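Chemist: Generate coordinates for the sequence data below:
(2 chains)
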Amino acid sequence: MNSLLTFPLGGVHPPEAKGQTAGLAIERMPVPDELEIILGQHIGAPCTPTVKKRDVVVEGAMIGEVQKGLGVPLHSPVAGTIKDFGMSAHPMRVTSPSITITVDHAAIPATYPRNDWSTLTVAELLGRVHDAGIVGIGGAGFPSHVKLKPPPDAKIDKLLLNGAECEPYITADHRQMLEHAADIVEGAKIIVKILGIQECIIGIERNKPDAIQTMSEAAQAGSTAGCRISVQALQVKYPQGSEKQLIQALTGRKVPSMALPSTVGVVVHNVSTARAICDAVVGGKPLYEKVMTISGGGITRPANLLVKVGTKASDIVAYLGGVKPELAKVIMGGPMMGFAVSNLDVPVTKTTSSILFLTEKEIDTRPHSQCIRCGWCLEACPMGLEPKEIGVFVEANRAEDTAQFGVFDCFECGSCAFICPAKRPLVQFIRLAKMKAKR
Amino acid sequence: MWTVLACLMPPLILSVFIFGIQTLIITAVSVISCVLVEAVSQKALGRPITIRDGSAALTGVLIAFVIPPGVSYLLPVLGAVMAIYIGKHLLGGIGYNIFNPALLGRAFLLATFPVAMTSAWLPPLHDLAIFSYLGSGVDAVTAATPLAVMKEQGMAAFTQAFGSGAGLYTSFFLGWRPGCIGETSGCMIVLGGLYMLYRGYITWHIPVSVLGTIALLSWIFGGEALCSGDPLLAVLSGGALLGAFYMANDYVTSPTNKTSQLIYGVGIGALTVLIRMKGGYPEGICYAILLMNPLSSVLDSFFKPKRFAPPVGGDK
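Modeler: Next comes the predicted model:
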């Protein structure tokens, strides 16, 4: 075992704040009357609708597909009628094209009987992953079937499953590891077969001892002579769940700048993606619902919810008893990397892992000041960059000159902004720098 | 900022005890002037007024700490104008100033009021019982600073005035010697410095490299023959400790990279010893820091943090 237990360079320790929801079982949220399904759910090309207005669709029916470019098909999360094509609120793009579906509450929920997948070929398995619209649920939403077809010259020897869940507040992966450990391990076995390798390591941070226990038992039960699955406990440090940091923590290998994990012989998937792959291959169930954490001091009832893709944040708020008057900020995603939203009409996508309702006490609204060159961001940056320099260059209108600082290595984990005593919005500076440096 | 200020309170309190209430008045004048000058400068320059961040108050305390306790109240006021208006705000405000504002204030005062700044020393008020208990002879304390006596009258006069041996170290470490308001008490400064280290506000790199270099070079060149100097005395006298922990460490004017910090600290230490031995002043750490300040960003542009994993074949 080459595990380093954590990544050595940089990192921070934000308050974990997972206690509100870590002990709550995943509950299925009742389907609202209407869903808005965004066509561009993730990285890659947006889908083109394959249905017309007033079409009747069943649960799991394909409603959109990608004609060219990188992408996966889109499925209806419910039985219902296509109401309209319009624009939906979006946390990053302001608005984004979407399909509105009126839900038929009388329809019987779809079931997906499990069947044996061991006789399927690699091509058939890959086909099922693609057809089910699986993307990386952990964050970026990279189409999974592409990750499962590494370049032919890459010699893959390990599959890593990411169960670090290092973002504060979020407990969605934690709960899935507790409640669906066997499915995650089954998903790992499917991926191991697709990749033609024999080893899978599941990395989990030590702040989830129950998940480590449950997953270890499931991994032991699921391991065979040709497929060794093990669980590795990791030190608690943010951003442990970042791909490059996790690979280094688990294998000691460093993925070079601008390169994919396959260059060092590993493929990384989130534990919840592994579960979705299991559902897709074993049951033929497309990805159209997901487990989310709804937390923070500003929501009446924090919860881990199983939510249909397309459910609006406002529906979730209504289901959980509304927001408290102290609510100050709503964030889609984690507090470190998520995006603040300005209204609750934003629909859930395949990659939304949480919605946080934070109070004044949980955020810092003080205005930022100039950089005082304390250098704390240099210590915190897991990529060994100089966030302060990039920030100063951006403020001086020289964003295009920041490539010299390796700005494209930055994956926007927010460690620098978290540690900055001047409260500088360093991640925003870096995003701006990337946009301008690309031109 | 407020924590750093809190760390400076023990040396101030001890200073009031050693030199009398005068030091407290000078510190208060200095702090009030700094805060006022900051507010007026920011108003005049059309910038947001940030006196509540504690940075001007901190500069005020540091200015008071590096002037003698017996000066006129006009001096800290002028020092504040120089430090805050010219040294800080005309150079761009907090974060952009090249030189440590408090030391710029001191350098200005030293140039304009050379007599007051080098002779308005006060002898310690109390001859503490602790010294008779320890059996040291501090009863013959003069009102000239140890470094000045050593430089101008030689080691023999120094020993006669301040004693020698363990008792000398003890009295210097505790602060019973003439000197600037905040620089005399080594123990209180080190205490505050260690607390800041413990809290992670500063790292060891700058103080250790500054003090290490001063000790090493004073040991080699400070005595009659090579390698016969007194490194401990060199570190305990003058403003070496105050400079190493509170001035050289100033975030804005020091380098951020650890390697740069070590080189910067060694540079300060070497310049301090050079000025102490060959320069026109008994103490040199103020000018040593001011001389190294502009090199901070130069050093930082040479030494870059280690990247996680650079791209294969280098950056394009």
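Chemist: What is the burial count for residue 67?
Modeler: No chain specified, so I'll use chain A. Applying the criterion other Cβ atoms under 10 Å in any protein chain shown, we find 8 residues in the vicinity of A:Q67. Bear in mind the C-beta positions are built from the backbone N, C-alpha and C, glycine included.
Chemist: Chain B was what I was after
Modeler: Neighbouring residues of B:I67 were enumerated by other Cβ under 10 Å; the total is 27.
Chemist: Also B:V298?
Modeler: By other Cβ under 10 Å, 11 other residues sit near B:V298.
Chemist: now the strand or helix carrying it, how far from the centre of its chain.
Modeler: Using DSSP states H and E, B:V298 sits within helix B:295-302. Offset of helix B:295-302 from its chain centre (Cα atoms, centre = their mean, to the nearest Å): 22 Å.
Chemist: on contacts alone, who are the packing partners of it?
Modeler: helix B:258-278 (3 or more Cβ pairs under 8 Å, 6 or more residues apart in numbering or on different chains; DSSP states H and E).
Chemist: Which residue ranges of the stretch 1-150 of chain A form helices?
Modeler: For the stretch 1-150 of chain A, helices defined by DSSP state H, counting those that start in this stretch occupy the ranges A:122-131, A:144-147.
Chemist: Pick the most buried one from these.
Modeler: Sort these by mean neighbour count, taking mean count of other Cβ atoms under 10 Å in any protein chain shown, and helix A:144-147 sits at the top with a mean of 22.
Chemist: CA atoms only for it, dumped as PDB, please.
Modeler: Extracted in PDB, the C-alpha atoms of helix A:144-147 (Å, rounded to 0.1, in the frame of the first residue of the first chain):
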ATOM      1  CA  SER A 144     -18.500   8.700 -17.300                       C
ATOM      2  CA  HIS A 145     -18.200   6.500 -20.400                       C
ATOM      3  CA  VAL A 146     -15.400   8.800 -21.700                       C
ATOM      4  CA  LYS A 147     -13.500   8.300 -18.500                       C
END
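Chemist: pLDDT (mean, whole number) over it?
Modeler: The average pLDDT within helix A:144-147 is 90.
Chemist: Roughly how far does the residue nearest to A:P335 when sequence neighbours are not counted sit from chain B?
Modeler: Using Cβ to Cβ, 6 or more residues apart in numbering or on different chains and skipping the chain neighbours, the partner closest in space to A:P335 is A:P168 (5.3 Å). In this structure, A:P168 and chain B are 20 Å apart, going by Cβ to the nearest Cβ, to the nearest Å.
Chemist: same thing with A:E27?
Modeler: 40 Å.
Chemist: ok, now A:R398?
Modeler: Going from A:R398 to chain B by Cβ to the nearest Cβ gives 15 Å.
Chemist: Now do the same contact list for A:C374.
Modeler: Contacts for A:C374 (Cβ atoms under 8 Å, 6 or more residues apart in numbering or on different chains) come out as A:421, B:251, B:256.
Chemist: Report the buried members of these.
Modeler: Applying a neighbour-count criterion of 16 or more other Cβ atoms under 10 Å in any protein chain shown, the buried members of those are B:251, B:256.
Chemist: which of the contacts of A:C374 lies closest to A:I430?
Modeler: Of all the contacts of A:C374, A:I430 sits closest to B:T256, with 17.1 Å by Cβ to Cβ.
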